[in-house]
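Asker: Curious how this folds, go ahead:
(one chain, ligands or ions: 1)
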Amino acid sequence: MIVHGLRLEKNIMTELIPVLNENEIKKLVADIAKNISDDYKDSEIVLIGVLKGAFVFMADLIRKITIPVKIDFVALSSYGSSTISSGKIKLTREIEIDLKNKNVLIVEDIVDTGLTLKYLINYLKSFEPKSVRICALLDKYERRETEINVDYACHRIKKGFVVGYGIDYAENYRELPAIYHLRNVD
Ligand code: 5GP
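Answerer: Take a look at the predicted model:
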């Protein structure tokens, strides 16, 4: 339950500071979907969603894309329940769809250090796709530790830990329809 942006979770009071509201997200997703539809017109495209954080974004995105798409999901673990990246990445769900000679578009919630995507791109390239591009809901461009080019970014933020619209903190907040910065209140 959120009251004036405050939420009580296991006796820790957290403050949710709005980053993007529902309407803003809707417009950003529609705009990106149009760019993707234009760029991939007349070519086959497979969207690979990164679980769990990108599932809401992926669901909204494919319903705004106006060309036929195929989809699959991978799951990667990188953060655990901490807000600080461990830098250790593990694939916990493999793709099932054939990627050979296909145009692959990775759909990610947040690109932060870029280490997760670097790992994922290498994994996907082993299936010999025609191309691999990246679509991210949020691009934390100042925190990059490896060179990753985000081809389609809905929104760019400098820093801060965000939740909502599918994005969690320790499995909480995914159900929120908007995106917030999460801050612990002492
Ligand atoms: P990277 O490998 O680019 O540092 O981290 C990417 C992953 O870290 C994202 O897919 C996401 O799961 C997680 N992550 C990065 N920043 C945030 C954040 O602000 N909030 C949450 N909940 N997860 C984040």
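Asker: What does the most centrally placed residue in the chain show for phi and psi?
Answerer: Closest to where the C-alpha atoms of the chain average out (CA atoms, centre = their mean) is Asp109, at 1.1 Å. Dihedral pair for Asp109: phi -70, psi -50, per degrees, to the nearest 10.
Asker: which SS class is the residue nearest to it when sequence neighbours are not counted?
Answerer: Once flanking residues are discounted, Asp109 sits nearest to Gly53: 3.5 Å by CB to CB, 6 or more residues apart in numbering. (Glycine included, C-beta is placed from N, CA and C.) Classification of Gly53 by DSSP: H, G, I helix; E, B strand; the rest coil places it in coil.
Asker: Any idea how many residues pack against Gly53?
Answerer: Other residues within reach of Gly53, judged by other CB atoms under 10 Å, total 23.
Asker: residue contacts, it?
Answerer: Counting by CB atoms under 8 Å, 6 or more residues apart in numbering, Gly53 makes contact with Glu108, Asp109, Ile110, Gly166, Ile167, Asp168.
Asker: So of those, which two are at opposite extremes in space?
Answerer: Farthest pair in the contacts of Gly53 (CB to CB) is Glu108 and Asp168. Separation: 14.4 Å.
Asker: the more surrounded of these two?
Answerer: The neighbour comparison of Glu108 against Asp168 (other CB under 10 Å) goes to Glu108, with 26 against 18.
Asker: counting contacts, what elements does the helix or strand encompassing that one pack onto?
Answerer: Assigned by DSSP states H and E, Glu108 belongs to strand 103-111. Counting contacts by 3 or more CB pairs under 8 Å, 6 or more residues apart in numbering; DSSP states H and E, strand 103-111 packs against strand 45-51, helix 55-64, helix 115-125, strand 131-139.
Asker: Which neighbouring elements make contact with the shortest one?
Answerer: Put plainly, it is strand 45-51. Judged by 3+ CB pairs under 8 Å, 6+ apart, the packing partners of strand 45-51 are helix 55-64, strand 70-77, strand 103-111, helix 115-125.
Asker: Report how many residues lie close to the closest residue in space to Asp72 that isn't next to it in sequence.
Answerer: In this structure, Asp72 finds its nearest non-sequential neighbour in Ile97, 4.2 Å apart by CB to CB, 6+ apart. By the measure other CB under 10 Å, the count of residues near Ile97 is 14.
Asker: likewise Lys27?
Answerer: 12.
Asker: Buried residues in the longest helix belonging to the chain, which are they?
Answerer: Looking across the chain with DSSP state H, the single longest helix is helix 22-39. Going by neighbour count (16 or more other CB atoms under 10 Å), the buried part of helix 22-39 is Ile25, Leu28, Val29, Ile32, Ala33, Ile36.
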